[in-house]
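Enquirer: just coords:
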Ligand SMILES: Cc1cc2nc3c(=O)[nH]c(=O)nc-3n(C[C@H](O)[C@H](O)[C@H](O)COP(=O)(O)O)c2cc1C
């Protein structure tokens, strides 16, 4: 997720456990070959963030070879093609969801990608611009025929807001059309949501978005409670988690790259608190990471742990 699933947050996810596959933010394939891996917050990663899939925004098959070469140098564990982002800034270049509207271009891109990597190759899609079963089926089967190994489906249409109930039942339809694993995405914020989603669509896996940013221990809870993984229930102490995030961005990124990322994270993290909007607005108006840390400390002093976190407090501890 752009601005969010960089190394700092991925390390926190890994610390709690339960994640089968981590992902980078969407990365412009065109820029990837010249990005400086030592300082780019998009590319910095550590050994604890494994396996790590790199998500590409591609608009033409000509971008594939240099991008794949760069991903091989980075020792990517998997490659994901973004075909779901409907943002105008992405669409105007012909990337993201625009590829679902230009299936022939998508086909050339996937075919070229398949030729140039042996890495697992996945695609992330939405359901379409409108509900059109035939178009969606043709698109999904085309992806499979061209060599995509796994599909992740954000179960909403192009223009549907994130607030809308996702259409998980459509994922069940996709599962019936393709033989490759299908991962469900959209609207999973709790273990209960995860269970409901699986009941509705029978997906082969779950992809967490905002729910994981708000509650980075959600992977661990789902792995334990739904998939029966032998992981201790997470102990969550929100102020410690927040300070760990700050320590990590300080350690990983150059000063000018830190505050923006802290603000992005806080926007979601603050939802753990009843009065989280206060935390969020205090951090949004902070001028430095240290000022933000101090303001957050005052907030934490005055706002005790919400019940949901107290309930999660059994088992391993976040470092
Ligand atoms: C701030 C933000 C950034 C996102 N960035 C990406 C991205 O880089 N790549 C991607 O495939 N989806 C991205 N998404 C979409 C999410 O991956 C996910 O499909 C969507 O949020 C629905 O899942 P959720 O309801 O679990 O959040 C982003 C969403 C948000 C809110």
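Expert: Thanks, I have it. This structure is a prediction, so every number in the text was calculated from the model and none was measured.
Enquirer: From what I see, residue 233 and residue 224 are in contact.
Expert: Yes - at 6.4 Å, residue 233 counts as touching residue 224 under the criterion of Cβ atoms under 8 Å. Quick note: C-beta positions are derived from backbone N, CA and C, even for glycine.
Enquirer: what residues does the stretch 101-250 of the chain put near the ligand?
Expert: When proximity is defined by Cβ under 6 Å from any ligand atom, the stretch 101-250 of the chain lies next to the ligand at 124, 154, 162, 185, 186, 187, 188, 208, 209, 210, 211.
Enquirer: Could you write me a PyMOL select line covering just the buried ones among those residues?
Expert: Buried residues among these (16 or more other Cβ atoms under 10 Å), as a PyMOL selection:
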select buried, resi 124+154+185+186+187+188+208+209+210+211
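Enquirer: coming back round to it: compare residue 233 and residue 224 and say which is more crowded by neighbours.
Expert: Each of residue 233 and residue 224 has its neighbours counted (other Cβ atoms under 10 Å); residue 224 has more, 19 against 16.
Enquirer: thinking again about what came up before, please identify every residue contacting each of residue 233 and residue 224.
Expert: Counting by Cβ atoms under 8 Å, 6 or more residues apart in numbering, no residue touches both residue 233 and residue 224.
Enquirer: residue contacts, the residue of the stretch 201-319 of the chain found nearest the ligand?
Expert: In the stretch 201-319 of the chain, no residue comes nearer to the ligand than residue 209, which is 2.5 Å away by Cβ to the nearest ligand atom. By Cβ under 8 Å, 6+ apart, the contact list for residue 209 reads 1, 154, 185, 186, 188.
Enquirer: In strands, which of the residues you listed appear?
Expert: With strands taken from DSSP state E, the overlap with the contacts of residue 209 comprises 154, 185.
Enquirer: part of a strand, is residue 56?
Expert: Yes - membership of residue 56 in a strand is supported by DSSP: H, G, I helix; E, B strand; the rest coil.
Enquirer: The nearest residue to it once chain neighbours are set aside - how many residues pack around it?
Expert: Once flanking residues are discounted, residue 56 sits nearest to residue 29: 4.6 Å by Cβ to Cβ, 6 or more residues apart in numbering. Counted with other Cβ under 10 Å, the neighbours of residue 29 add up to 28.
Enquirer: Can you check the pLDDT for residue 29?
Expert: Note for residue 29: predicted pLDDT of 98.
Enquirer: how about it, what does it touch?
Expert: With Cβ under 8 Å, 6+ apart, residue 29 has these contacts: 56, 57, 58, 59, 63, 64, 66, 67.
Enquirer: From residue 42, how far out is the third one?
Expert: If you measure residue 58 against residue 42 using Cβ to Cβ, to the nearest Å, the figure is 15 Å.
Enquirer: Among these two, which residue is more densely surrounded?
Expert: Counting neighbours by other Cβ under 10 Å for residue 58 and for residue 42 shows that residue 58 has the greater number, 28 against 19.
Enquirer: With that, I have no additional questions.
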